[in-house]
Structures are given as C-alpha cells and as structure tokens.
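Novice: Quick one, structure for this:
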Amino acid sequence: MKKDIDRLEELFIKYHIKNSTITFGKQLLNTPFINLQDGRMRPTEVEGLWAEINGIKKVQLQAGYLYGISPRSSVKWYKVDESIGVYPVGVNENGTKSEYAGNVNSKGIILAGFTYQQNKNLKFQLWNQYTENIFNSAMFQADYEYPLADKSKLIASFQVVRQDAVSDGGNKDAAKSYFKKGSKSMSFGGKLGWKNNRWETSLNYNRITAHGRYLMPREWGRDPFFTFLPRERNEGLGDVHAIMGKINYKLPSLRLTASAAFGFYKLPEVTNFALNKYGLPSYNQLNVDIRYQFAGLLKGLETQFLYVYKDKTGNSYGNDKYVINKVDMNLWNLVFNYQF
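Specialist: As a prediction, this is how the structure comes out:
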C-alpha cells in the first residue's frame, strides 16, 4: 500500500512588475513541451526561475531556467536528468531495451517563448527548449481567425517542430543516451475549422517525418500536435501520418460541455525500432468527453466522463505485447474534480 501520496503543488516567490512577473520555486507551467498534461489529478510540476514579460505592445515573452520536475501522477521530485525515464523507456533503435533511465546527465532546461499578437485575429508563437547536454526542441505556430457575418469564425493554424541532438544526447554510450548523437526530427501540422459561441469543429493533420523519432520525456508533458487525443501519444515515433476530426459543443445554461473526436494514425511497423520506440501499431481512436459543472452548494465541483476506443489497424505479428493496453481496447473514465 502506498502511504506517500501527498505533494505540495506550488511553493514559490512571485515578484510583480506592472503586468509582468518573475516566479522562483515550485510552480505549474503550460508550454508546448512542458505542461500539466491531460486530465491528471496530479499534473506535472516544475521547479526553477520563470519570467513572463507583458510590457511590450502586442508581445508576450516567457523564459526561464528549470532544474527540477515532479512528473504527472507522482509525488516525488527529481533533477531534470533524473526525471527522464521514470516512466516506461521503450527500445533503442536496434530493438534492445533503452538504458537511459538514470544514465543521462544534464544541468537543466532553458526554455523561452515569444508570442506576437499582430491583431485580434492573427497570432504567432515561437518556442525553444534547450535541455543541456541532451537535445533542443523548437516550435513555430501561427493561428488565424477569420470573422464571418453571423458572428462565427473560420479558424486556421500551422505548426512546425524541429528537434536536434545536443552533444552525445545525454551519454557517450549510445545505448544509454536519450537522444541519439547527430539525430534530428521534424514535424508539420495544420488545422482548419469553424466556431461560434457554442460550436467548434476542426479537421487536423500532423506529419512526423522519417528523419527520426519525435522525442520528449513523457514525464514532462503531452504532445503539442493538433492531432493529439487524450490517452495516447505520438511521442517516440517517426514517419507518422495523423488525421483527426473534432467537434465541441457548449451549453452554458446547463453548465455542460461535450466533445467527440475521431483520428486515423498511420505509424511505422512495430518492428521498425528506429522509428517506433514503444512498439505501437497503427490505430484509429475515438474519444467522447462530457463535462458538467455543479452550482449552488457544490459550486467548484466538476464531473467528467471520458470514453476512449482504440482500434488496431496495423500488424502486431501475433505478438500480444504490441496489443495489450495499447490497441483493441475500450477505456471508461468517470472523474470528479473540485476547485477551491
């Protein structure tokens, strides 16, 4: 039985300078690569120095140095390098079990974000995450909304992600490194959609090229891709084509929101270890998410129903390790959250 199930979520000192802040200590961040993650009762938390600068017209700057991480659904704190490999590590490019857990070295993460709001309809983002001695990740994203006469909007977004190994990828021994020396990955994504004050629908596409695996420690956050759906990721994969359609509906009078999404994910063969780290076959995924917010004496309480179905479309070669808890499965979640 686990007895240590408590964790102080936030403990920091924050300094305000007009509309800008500097925060030092244990805190919660939401960035493309390091974030709270999807629906976890204990989200990912970080420790370090973080600044948000809002004094420049149309511009927001965010930057910081992070040296500690407490992964989602956990209570323990780790140094940045120690946090890599807390959860399953998958295989090396030759198919042997990855040995990077406890064997990579890094002094921490330097993370910076630049957001430019050209006008109320057009926004640009540029992010760079440098994990010392291991790898660098950069992301550019543009979001555009085109107003229509009936107070609805057309929406369009574009995203590109580039990753490169730094030094030896964490360890001079290739079997114990996290990011193979000299390797890189590329991802391109797009979104087209329509929304009004109640409905939002979108068609999303993402392509991870065959240059290499997209890698980001699962202890740090979820995928930034437009095709992301809760309860699965495309991290650890290369040569991916993903298409996902989604529809959201809000009914404010009943404090109810509902969404449904369906995605097609074409992945490399499970035996292509160089581009399939966790042995995940191609699959289709359906998500249904319904949330209700209570009022009156129960104000602050939210209940969520999440249903996930994953259908295997790739070849598992008769090996159940590529199927069990990965595909051909139904998942039912009923969650209650109370916010003080």
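Novice: where does the protein dip in pLDDT?
Specialist: Scanning the chain with the threshold set as pLDDT under 70 gives 1-7, 38-41.
Novice: In space, not sequence, find me the middle residue of it.
Specialist: With distances taken as C-alpha atoms, centre = their mean, Arg222 lies nearest the centre of the chain, 2.0 Å away.
Novice: where does that residue land in three-state SS?
Specialist: coil (DSSP: H, G, I helix; E, B strand; the rest coil).
Novice: wait, what's in contact with it?
Specialist: Contact analysis of Arg222 by C-beta atoms under 8 Å, 6 or more residues apart in numbering lists Asn35, Gln37, Asp38, Phe228, Arg233. From N, CA and C alone the C-beta is placed, and that goes for glycine too.
Novice: and if you look at Gly113?
Specialist: Counted by C-beta under 8 Å, 6+ apart, Gly113 has contacts Thr31, Pro32, Gln60, Leu61, Gln62, Ala63, Gln125, Leu126, Trp127, Asn128.
Novice: just Asp164 next, same as before
Specialist: Asp164 sits in contact with Phe135, Asn136, Ser183, Lys184, where contact means C-beta under 8 Å, 6+ apart.
Novice: quick revisit: farthest pair in the contacts of Arg222?
Specialist: Asn35 and Arg233 (12.5 Å; C-beta to C-beta).
Novice: show me the contacts for Asn197.
Specialist: Counting by C-beta under 8 Å, 6+ apart, the residues that Asn197 touches are Lys151, Lys250.
Novice: in what helix or strand does it lie?
Specialist: Of the helices and strands defined by DSSP states H and E, none includes Asn197.
Novice: That one and Ala258: what is the separation?
Specialist: 15 Å (C-beta to C-beta, to the nearest Å).
Novice: cool, and Gly236?
Specialist: From Gly236 to Ala258 the distance is 31 Å (C-beta to C-beta).
Novice: Next, the buried residues of stretch 180-197.
Specialist: The neighbour-count criterion (16 or more other C-beta atoms under 10 Å) identifies Lys180, Ser183, Lys184, Ser185, Met186, Ser187, Gly189, Gly190, Lys191, Gly193 as the buried residues of stretch 180-197.
Novice: Return the set of buried residues in stretch 122-129.
Specialist: For stretch 122-129, by 16+ other C-beta under 10 Å, it's Lys123, Gln125, Trp127, Asn128, Gln129.
Novice: ok, and what's touching that stretch?
Specialist: 31-34, 109-118, 136-145.
Novice: ok, now stretch 85-101?
Specialist: Contacts of stretch 85-101 (C-beta under 8 Å, 6+ apart): 71, 74, 78, 84, 102, 104, 170-171, 174-178, 180, 217-219, 236, 273-274, 277-279.
Novice: Kindly report the same for stretch 311-329.
Specialist: So stretch 311-329 is in contact with 264, 266-267, 269-271, 278-285, 308-310, going by C-beta under 8 Å, 6+ apart.
Novice: could you flag which of the residues you listed are buried?
Specialist: 264, 267, 269-270, 278-283, 285, 308-310.
Novice: returning to what we had before: could the contacts of Arg222 go into CSV alongside distance to Gln27?
Specialist: Formatted as CSV, the contacts of Arg222 follow (distance: C-beta to C-beta, whole Å):
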residue, distance to Gln27
Asn35, 13
Gln37, 15
Asp38, 19
Phe228, 23
Arg233, 24
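Novice: Nearest to Gln163, out of these: which one, please.
Specialist: Out of the contacts of Arg222, the member with the shortest distance to Gln163 (by C-beta to C-beta) is Arg233, at 15.1 Å.
Novice: Distance of that closest one relative to Lys326?
Specialist: 11 Å.
Novice: Please verify my assumption that Met139 contacts Gln159.
Specialist: Yes: Met139 is in contact with Gln159 according to C-beta atoms under 8 Å; the separation is 6.8 Å.
Novice: Give the residues shared as contacts by the two.
Specialist: Joint contacts of Met139 and Gln159 (C-beta under 8 Å, 6+ apart) are Pro224.
Novice: sorry, back to before: and Gly236 and Ala258? which has more neighbours close in?
Specialist: Between Gly236 and Ala258, Gly236 has the larger neighbour count (other C-beta atoms under 10 Å), namely 21 against 15.
Novice: How about the more buried one: what's its closest non-neighbour residue?
Specialist: Lys277 (3.3 Å; C-beta to C-beta, 6 or more residues apart in numbering).
Novice: ditto for Gly263
Specialist: Using C-beta to C-beta, 6+ apart, the nearest residue to Gly263 is Met244, at 3.5 Å.
Novice: residues touching the one you found, list them.
Specialist: Leu203, Asn204, Tyr205, Phe226, Thr227, Leu229, Ala261, Phe262, Gly263, Phe264.
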